[in-house]
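# Pasted the sequence and its predicted model underneath.
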Amino acid sequence: MNKKVIQTVAFVAFIGVAITALYYGGVFGNSNGQSEASNAQRVAQKVEILKYSDYQCPACKAYVPIENQLKAEYGDMVELEYRYFPLQGHQFSDLAARSAEAANQQGKFQEMHNLIFQYQEQWSQGGAEEYFFDFAEQIGLDMEQFEEDLESDEVAETVNRQRQEGIRRTVNSTPTYFLNGQKLRQNPRSYDQFKAIVELYMYRSEG
């Protein structure tokens with residue numbers, strides 16, 4: 001009698017352990033387990049984001065924090081590249097683009113780019129050239145070279161070439177984004193939406 005009781009208890013215990021192991025092992029179709037396994041098997045691919053932008057465009061400035069957050073989260077897996085697309089309706093946008101490109105001639109594009117967007121509201125109301133010269137001095141540019149480059153044909157041609165490139169690619173408003181060469185038909189409205197689009201391209205199957 002005692003032997004049968006012991007055998008019964010042992011059997012029940014074995015069944016309980018087996019069921020627990022099967023459940024947590026995902027054999028019963030644990031969705032979290034499947035999702036984690038699927039994510040682990042996917043290989044991330046670099047995403048190239050091209051932005052056609054106008055420095056005097058408030059919407060272009062509004063997307064800068066989102067772009068910075070994407071870079072902070074994904075690092076080298078996301079490459080951001082800026083394209084000049086000054087709109088004719090903005091009085092100082094061409095000058096702003098040429099100022100950024102003149103700074104680029106001295107290897108200080110990002111520094112000038114950041115300051116131009118940071119103080120967009122101020123220089124957009126007037127005195128833009130004075131602001132841009134102040135920015136150039138702040139970031140340590142050779143001021144004579146900056147002034148020369150600002151008025152040079154080479155810098156003007158670079159800005160115009162990028163704008164014409166955008167027109168050929170059906171850019172008609174700013175900002176306009178291309179991800180891995182494909183134009184976004186509608187800009188995302190939040191960081192989470194932009195992140196979802198980036199991850200779609202990042203984990204897109206080549207097949």
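Received, thanks.

# all strands of the chain, in order?
Along the chain, counting by DSSP state E, strands occupy 47-53, 78-84, 176-179, 182-183.

# Would you state the helices of the protein in chain order?
Using DSSP state H, the helices of the chain run over 2-24, 31-41, 58-62, 64-74, 93-104, 109-118, 120-123, 128-138, 143-150, 153-168, 191-202.

# could you redo those as a markdown table and give each row mean neighbour count, mean pLDDT and distance to residue 51?
From N, CA and C alone the C-beta is placed, and that goes for glycine too. Formatted as a markdown table, the helices of the chain follow (neighbours: other Cβ atoms under 10 Å; pLDDT from 0 to 100; distance: least, Cβ to Cβ, whole Å):
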| stretch | mean neighbour count | mean pLDDT | distance to residue 51 |
| --- | --- | --- | --- |
| helix 2-24 | 10 | 38 | 46 |
| helix 31-41 | 10 | 45 | 28 |
| helix 58-62 | 15 | 98 | 8 |
| helix 64-74 | 15 | 97 | 7 |
| helix 93-104 | 24 | 98 | 13 |
| helix 109-118 | 18 | 98 | 11 |
| helix 120-123 | 16 | 98 | 15 |
| helix 128-138 | 18 | 98 | 20 |
| helix 143-150 | 16 | 98 | 23 |
| helix 153-168 | 15 | 98 | 10 |
| helix 191-202 | 15 | 97 | 12 |
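
# Can you lay out these as TSV showing distance to residue 85?
Listed next are the helices of the chain as TSV, based on distance: least, Cβ to Cβ, whole Å:
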stretch	distance to residue 85
helix 2-24	54
helix 31-41	37
helix 58-62	9
helix 64-74	15
helix 93-104	8
helix 109-118	14
helix 120-123	15
helix 128-138	17
helix 143-150	19
helix 153-168	5
helix 191-202	19
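
# circling back to that earlier point, any chance of the strands of the chain in TSV, with mean pLDDT, mean neighbour count and distance to residue 62 too?
Below are the strands of the chain laid out as TSV (pLDDT from 0 to 100; neighbours: other Cβ atoms under 10 Å; distance: least, Cβ to Cβ, whole Å):
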stretch	mean pLDDT	mean neighbour count	distance to residue 62
strand 47-53	98	21	11
strand 78-84	98	17	15
strand 176-179	98	20	13
strand 182-183	98	12	19
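
# Out of those, the one nearest residue 167 is which?
Closest to residue 167 of these is strand 47-53 (Cβ to Cβ; 9.5 Å).

# So which other helices or strands are in contact with that closest one?
Packed against strand 47-53 by the contact rule (3 or more Cβ pairs under 8 Å, 6 or more residues apart in numbering; DSSP states H and E) you find helix 64-74, strand 78-84, strand 176-179, helix 191-202.

# who wins for proximity to residue 102 among the strands of the chain?
Closest to residue 102 of those is strand 78-84 (Cβ to Cβ; 11.9 Å).

# Which strands or helices does the closest one pack on?
Short answer (3+ Cβ pairs under 8 Å, 6+ apart): strand 78-84 packs on strand 47-53, helix 64-74, helix 93-104, helix 153-168.

# what pairs with the first one, and is each one parallel or antiparallel?
According to DSSP bridges, the neighbouring strands of strand 47-53, each with its direction, are strand 78-84 (parallel), strand 176-179 (antiparallel).
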